[in-house]
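Enquirer: Sequence and predicted structure are below.
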Amino acid sequence: MTSPASSAATAATTGPLDLAPVVPVVIIDDIESAVPLARALVAGGLPAVEVTLRTPAALGAIERIAAEVEGARVGAGTVLTPDQAKAAADAGATFLVTPGCTETLYAALRDTGLDFLPGTSTVSEVLRLRELGVRDMKFFPAEASGGAPYLKSLASPVPDVRFCPTGGITPASAPSYLALPNVACVGGSWMLPSDAVAARDWHTVEALAREASRLRDKTAGSTPA
Ligand SMILES: O=C(O)C(=O)C[C@H](O)[C@H](O)COP(=O)(O)O
């Protein structure tokens, strides 16, 4: 995760990317679900929680999680505009995630003072952000953009950038990403099946989160593509 204080010199090692092998990507429709859902993720071993700004409930959900869920590190995802970056920071987000990045958006992310993870999917996008001092980036949409083989190809020419690939990743494909030296963690929504969330079945969410939190153990047996 890039933070203004540390990004230029070295990759941060204690940001939200370093807390668990998976950052859950959450879409919240019902604000009353925000706190129990986040508690289930934290109990399952996934403390960094990315709430996407795709629903009217999102900012309120970030506020509630920040205030009420012990052990959670809540962030905002799907940040598309400078206004959204500021609103998420005001709501209590501790990190910001974007699917792509522009100069304007980069400046707004930086100006919040929060950790941020700008989205990239090409080498030139990676190099542009690298020139600005960014060392932690999202790789999105991961599966559609070339998946683990693509990131593996980047590890040698650009060894000092870490990625959080997100988009289409499953428990089956996650280990091939996590085995790469330039992958800090992966993002995904599979531990939040829409039927379980709609039924407020937090036991299922917690169990899936727990499995996800142990995924790094499986990388030993996986062969990076
Ligand atoms: O909202 C954003 O900022 C995004 O970039 C998109 C999310 O990362 C993906 O929607 C999560 O991917 P899935 O695991 O395939 O659901």
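Expert: Ah, there it is. Bear in mind the structure is a predicted one, so any value in this text is a computation, not a measurement.
Enquirer: which parts of stretch 128-147 are buried?
Expert: By 16 or more other C-beta atoms under 10 Å, the buried positions in stretch 128-147 come out as 128-130, 134-143, 145-147. Quick note: C-beta positions are derived from backbone N, CA and C, even for glycine.
Enquirer: Show only the entries of those found in strands.
Expert: Taking DSSP state E, the ones among the buried residues of stretch 128-147 that sit in strands are Asp136, Met137, Lys138, Phe139.
Enquirer: Which one of the residues you listed is nearest to Arg210?
Expert: The closest of those to Arg210 turns out to be Lys138 (C-beta to C-beta; 24.0 Å).
Enquirer: what bridges to the closest one?
Expert: Per DSSP bridges, the residues bridged to Lys138 are Gly119, Cys164.
Enquirer: That one and Asp217: what is the separation?
Expert: 24 Å (C-beta to C-beta, to the nearest Å).
Enquirer: Just list the residues touching Arg64, thanks.
Expert: Ile31, Ala34, Val35 (C-beta atoms under 8 Å, 6 or more residues apart in numbering).
Enquirer: I figured the first one was touching Ile62, is that so?
Expert: Just to be clear, that refers to Ile31. No - here Ile31 does not reach Ile62: they are 10.3 Å apart, not a contact under C-beta atoms under 8 Å.
Enquirer: Between those two, which is the more surrounded one?
Expert: Neighbour tally, Ile31 and Ile62, criterion other C-beta atoms under 10 Å: the higher count belongs to Ile62, 29 against 16.
Enquirer: mind checking how far the more buried one is from Pro175?
Expert: Taking C-beta to C-beta, one finds Ile62 at 30 Å from Pro175.
Enquirer: Can you list the low-confidence ranges for this structure?
Expert: 1-14, 218, 220-225 (pLDDT under 70).
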